[in-house]
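**Q** structure of the sequence below:
(2 chains)
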Amino acid sequence: MIRDQLLAAVHDALVHLGVDTVPDGVVVERPARREHGDWSTNAALVSAKAVGKNPRELGQALADHLDANRPPHVEALEIAGPGFVNFRLAPTWLHDVLIEVIDEGEADYGRLSIGDGLTVNIEFVSANPTGPIHAGGGRWGAYGDSLARLMARCGYEPHTEFYINDRGVQTVLFGQSLAAAKAGDETPEKGYKGVYIDDWAAEMPDDVDPTTWGIERSLTDSRLVLADMNVEFDTWSSEKALVEAGAEAEVLDRLKQSGLVYDKDGATWLKTSEYGDTDDRVLIKSDGEYTYFTPDIAYHLDKYNRGDHLIDILGADHHGYAPRMRAALIALGKPAESYEVIIGQNVKLVRDGTEVKMSKRAGDIVEIRDLIDEVGADVARFAYLLQSVDSPQTLDLDLLSTQASENPVFYVQYANARIHSIGREAAERGIERSPLSGVDLSVLDHERELEVLRVLSSLPEVLEVAVKERAPHKVTTWVRELAAAFHGFYRDCPILRSDIEPETQQARLWLAEASRVGLAIGLDLLGVSAPEHM
RNA sequence: GCGCUUGUAGCUCAAUUGGAUAGAGCAUCUGAUUACGGAUCAGAAGGUUGGGGGUUCGAGUCCCUCCAAGCGUACCA
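**A** This next block holds a predicted model:
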């Protein structure tokens, strides 16, 4: 890749100029501003101190040396600002990008190997099976699924899981609430209320265990709505099954071997404070029951059977949970860095200008189902992935539905539809793309054309940063940029118009095809469809 | 009180993880269509990056300190 070639040239030049050990901070990057060239290096700024020169002086020497030994495509070099060396490249480097995109195609362009085959277990959503998933939970579905897709493209082997808390106090209460609703009795103390309880109770047959039936009803609902969002899990893990297989006792034994288990006040504790937790935690309550924590440790241990690296995606309301789980896993001999927790900030839902507080028990929830039915899966999913999970998200339900047609997702999908429209129109006129190897790409020199290629060229870098930072929203940003570049190209560079030279037409047809490939890759990573018509 | 996270344009959010003049969308205003889909394109306006201090060639980004918001601080799950 061009970037590596430039970096290698910079390294050589630095060594030639007496910088024996090139600092790690030396990079080749894309300048923020076009007038600063196509690529730029901070080498002189970072290395100046080591050789006792001022940055501009070193930068000039660097530029001179690189000018005398030009890397491929480089047309001009200049020194700017505090000592940046800027590379100006001939458009040929972008024509090479087009060839690369077409050759590698949807399946392989931007595919990276940085994951090196590491198996990663990603758990997300894991909403309690005591009701429908609310619109806030949809964020984790969209995020987790896209993260898995992103990791798969970057050389990891992700395995996605949904943990089902299908036993314990809450599930019993849920069953009781269903039974009460069916019998027309009052909701039990701290029980579950809401329209869905009444609806489900009405569906419930007479001769079933309400808890078991209710959990299954809830899971069916969750599976369907997640599938509608294009979110699929490789494994649905049942807490109940784990417990019935004796996993708690087993994990307790293993924990005891760490010497960190002790009894106090009639309860059994794990000394999680040994590994960074603020307090020790209870494994077995004084009434003899396991806490939620114990089977969950067993579950996390179990997940290592399906991944060498664990990722938990948790809402901010569960962030306090991470230190104790990490401590427990360390106690079990797992490397601290093999357990990763991603804390996502919660979603705030606004309707009629006021926040909707969500609680399953109070029955006041906005279901993800409602959101999808109202705005569509693509709009919902794109909206979730529009921003970083580090920042709290405000979803204005009114805005999302009334502005559905102005949603950025349509802007991107429209670009795709236009490309397909060109294809249809070309077919109708009997115009075909001739083999790329015979097409003269040098005619692609319009700024609009080059901009499309520039955006396409950045995909590998975007994916690298996105996967390292667990930030699929960067893919969203990129795909919007690509759509913008394409719309600009489409507007200013006609392809099928009768006065367009055949050479130009061929090159532009291929450019459109490369754009299609880029959009397809980006939208697929986001789990959003790429319709051919709109 | 303590801990985690966040604070960027009127609104919703970006910003190549320390780079050059902080960018998009929406909303507002102004332009563009004998065209392959106008769900488009171009432009204007909008900012003391919550306040203050520090680190260095260089800070929205790192450190300290205030301010504000969200979340957490169970022998609940």
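
**Q** is RNA strand B contacted by stretch A:301-317?
**A** Yes. Legend: contact between stretch A:301-317 and RNA strand B by C-beta under 7 Å from any atom of the strand is shown at A:Ala316, A:Asp317. C-betas here are computed from N, CA, C, even on glycine.

**Q** cool, stretch A:439-456 as well?
**A** No. Figure legend: stretch A:439-456 not in contact with RNA strand B (C-beta under 7 Å from any atom of the strand); closest approach 8.4 Å.

**Q** ramachandran angles for A:Val375?
**A** Note on A:Val375: backbone dihedrals following degrees, to the nearest 10 are phi -110, psi -10.

**Q** that one against A:Ser401, yeah?
**A** Yes. Using C-beta atoms under 8 Å, A:Val375 is in contact with A:Ser401, at 5.3 Å.

**Q** the two: who's more crowded?
**A** A:Val375 (21 against 14; other C-beta atoms under 10 Å).

**Q** distance of the more buried one from RNA strand B?
**A** 12 Å (C-beta to the nearest atom of the strand, to the nearest Å).

**Q** which residue packs closest to A:Arg149, ignoring adjacent ones?
**A** A:Leu525 (5.0 Å; C-beta to C-beta, 6 or more residues apart in numbering).

**Q** what does the model give the one you found for pLDDT?
**A** If you check A:Leu525, the pLDDT there is 97.

**Q** element containing it?
**A** helix A:502-526 (DSSP states H and E).

**Q** tell me what that helix is packed against?
**A** With contacts taken as 3 or more C-beta pairs under 8 Å, 6 or more residues apart in numbering; DSSP states H and E, helix A:502-526 sits against helix A:92-108, helix A:138-153, helix A:408-428, helix A:447-457, helix A:459-468, helix A:473-492.

**Q** in the third one, what counts as buried?
**A** Within helix A:408-428, the residues that qualify as buried are A:409-410, A:412-420, A:422-423, A:426, counting by 16 or more other C-beta atoms under 10 Å.

**Q** and the residues you listed near RNA strand B, which?
**A** Okay, of these touching RNA strand B (C-beta under 7 Å from any atom of the strand), that's A:Phe410, A:Tyr414, A:Ala417, A:Arg418, A:Ile422.

**Q** next, format those as JSON lines and append distance to A:Thr294 and pLDDT.
**A** JSON lines is the format used below for these (distance: C-beta to C-beta, whole Å; pLDDT from 0 to 100):
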{"residue": "A:Phe410", "distance to A:Thr294": "48", "pLDDT": "92"}
{"residue": "A:Tyr414", "distance to A:Thr294": "52", "pLDDT": "94"}
{"residue": "A:Ala417", "distance to A:Thr294": "53", "pLDDT": "95"}
{"residue": "A:Arg418", "distance to A:Thr294": "56", "pLDDT": "96"}
{"residue": "A:Ile422", "distance to A:Thr294": "60", "pLDDT": "96"}
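
**Q** so which residues on the stretch 251-400 of chain A come close to RNA strand B?
**A** A:264-267, A:278, A:282, A:285-287, A:289, A:291-293, A:316-321, A:343, A:345-346, A:386-388, A:390-394, A:396.

**Q** mark which of those are part of strands, please.
**A** A:Lys264, A:Ala267, A:Val282, A:Ile343, A:Gln393, A:Thr394, A:Asp396 (DSSP state E).

**Q** kindly supply the ChimeraX command isolating those of those residues that are buried.
**A** Remark: buried members of these, expressed as a ChimeraX selection using 16+ other C-beta under 10 Å:
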select /A:282,343,393
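
**Q** got a markdown table for the ones in strands among the residues of the stretch 251-400 of chain A next to RNA strand B, with pLDDT too?
**A** Below are those laid out as a markdown table (pLDDT from 0 to 100):
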| residue | pLDDT |
| --- | --- |
| A:Lys264 | 92 |
| A:Ala267 | 94 |
| A:Val282 | 95 |
| A:Ile343 | 91 |
| A:Gln393 | 90 |
| A:Thr394 | 86 |
| A:Asp396 | 80 |
